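Asker: below is the structure, and that's it, no one-letter string:
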Ligand code: LLP
């Protein structure tokens, strides 16, 4: 077959699959992101209006979607005594944290900086748990002085450091130990964390020594058991296997006389990025996990991040240029790039790209950014509405691990962020200025 024939055939196949599966409701909540009169809107605000008002690139978050996701999560586990700590690493904008905290969630933070953010958002320290495989002594001190609910320790050396710092402060530290359950969940290798090849958590073989430390070190109090097996995990059986291991550790801790209050099974619950790969509903996880976790005499902690925020935001970007190369390949060159959403480059992840204004025809094209890296793309060989230069595109599922993983590479300015609530839109982060790019240089 000649190359052009292959191209036409595969293009037709892609277009067909586009028409069969191109269904916004499969990815985003269709009530909150929808087309009205051929134009995409968030709640009842047209995205084009937001681009005019705030410029592009722009992260647009639906407040109702955030709240709805949190409530869906809570409903799934409502029969269980539990405490949901939103993992702020997914999206740590103060307004996002504040919105969720007002709904009753606590926070899981991974550093001093995230702790600062949660506190600045008004979250009470006794509703914050602190993770991190490499907490510095300053971060440990910050957590202890603030009075967080507990520090989740990941090694023997860290436990000794926590004891040392707590001793210096004249405190007893409330601690959970993060177990590495050695369960390899099927997900992208960069986001699996519960496998013994990974740096995370304390190995089963070390537990004897760890329990011993709680007997000998006077400034440590064992309050919780913890795990987190990875992210974007579709099969509940991985949670079942890891939870079983954590239950075994609970039994051992009790035999040794420890009074465990918190049983933290982490985050990692999946969302749909690609309509052809729909995420397992949260209820399926609850069906398997609730019976295992009932009646244990502990409070179960969950740490969802992505589940709450991923599909609550889009990244709004403007087409700068259209270009077609000698091989007939089409490009949309847009004003956002890997500095605003690195997930396609880092994890080969799929993000739907929609034209903000509906067109009658479509093309097969790559959607690429302005950064000088070949990995700077949002979509490759994708069927897209035949939008023109100056038109707007929305990159979906940009609410988790997007803005927070952003950078100033290539001298890029971090975009503005807005939150929509009904017919209102408020700025929740200003666009960066050139002056801010150099403000710390002396
Ligand atoms: N708890 C702990 C201890 C974690 O390390 C994480 C995520 C979470 C909770 C929340 O996981 P989630 O529910 O959001 O899956 N940048 C990657 C994801 C890295 C996740 C790191 N840890 C991505 O864009 O896919």
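Answerer: All right, it came through fine. All of these numbers come straight from a predicted model, not from anything done at the bench.

Asker: find the nearest non-adjacent residue to residue 308, please.
Answerer: Leaving aside its sequence neighbours, residue 308 sits nearest to residue 69 (CB to CB, 6 or more residues apart in numbering; 4.8 Å). (Glycine included, C-beta is placed from N, CA and C.)

Asker: what pLDDT does that neighbour get?
Answerer: Per-residue pLDDT puts residue 69 at 97.

Asker: just the element for it, please.
Answerer: Element membership of residue 69 [criterion: DSSP states H and E] is helix 63-76.

Asker: the closest residue to residue 403 other than its chain neighbours: what secondary structure?
Answerer: Ranked by CB to CB, 6+ apart and with sequence neighbours excluded, the top spatial neighbour of residue 403 is residue 59, at 5.5 Å. Following DSSP: H, G, I helix; E, B strand; the rest coil, residue 59 is assigned to strand.

Asker: contacts only, for residue 59.
Answerer: Each residue near residue 59 by CB atoms under 8 Å, 6 or more residues apart in numbering is listed here: 313-316, 340, 398-399, 402-403, 415-418, 429.

Asker: can you pick the most crowded of the residues you listed?
Answerer: Neighbour tally across the contacts of residue 59 (other CB atoms under 10 Å): the maximum, 33 neighbours, falls on residue 313.

Asker: my read: that one touches residue 61, true?
Answerer: Yes - taking contacts as CB atoms under 8 Å, residue 313 lies within contact range of residue 61: 4.2 Å.

Asker: how about the residues of the chain that lie near the ligand?
Answerer: Residues of the chain lying close to the ligand (CB under 6 Å from any ligand atom) are 87, 89-90, 108, 131, 191, 228, 231-232, 266-269, 303-307, 343, 347, 400-401.

Asker: partner strands of the longest strand along the chain and their direction?
Answerer: Identified as the longest strand of the chain according to DSSP state E is strand 313-324. Its sheet considered, strand 313-324 pairs with strand 58-62 (antiparallel), strand 330-334 (antiparallel), strand 392-395 (antiparallel) by DSSP bridges.

Asker: how far away is the nearest residue to residue 333 once chain neighbours are set aside from residue 90?
Answerer: Nearest non-adjacent residue to residue 333, counting by CB to CB, 6+ apart: residue 321, 4.3 Å away. Distance of residue 321 to residue 90, computed by CB to CB, to the nearest Å: 32 Å.

Asker: same question, residue 356
Answerer: Distance, residue 356 to residue 90, by CB to CB: 25 Å.

Asker: could you pull out the buried residues of the helix holding residue 69?
Answerer: Residues 63, 64, 65, 66, 67, 68, 69, 70, 73, 74, 76 are the ones in helix 63-76 that count as buried (16 or more other CB atoms under 10 Å).

Asker: who's in contact with the residue nearest to residue 308?
Answerer: The contact partners of residue 69, by CB under 8 Å, 6+ apart, come to 307, 308, 309, 311, 312.

Asker: how about residues contacting the host helix or strand of the third one?
Answerer: Secondary-structure element containing residue 309, defined by DSSP H and E: helix 306-309. Under the criterion CB under 8 Å, 6+ apart, residues 61, 66, 69-70, 73, 86, 90-91, 96, 100, 231-232, 267-271, 282, 399-401 lie in contact with helix 306-309.

Asker: from these, which land in helices?
Answerer: Those of the contacts of helix 306-309 mapping onto helices are 66, 69, 70, 73, 96, 100, 282, per DSSP state H.
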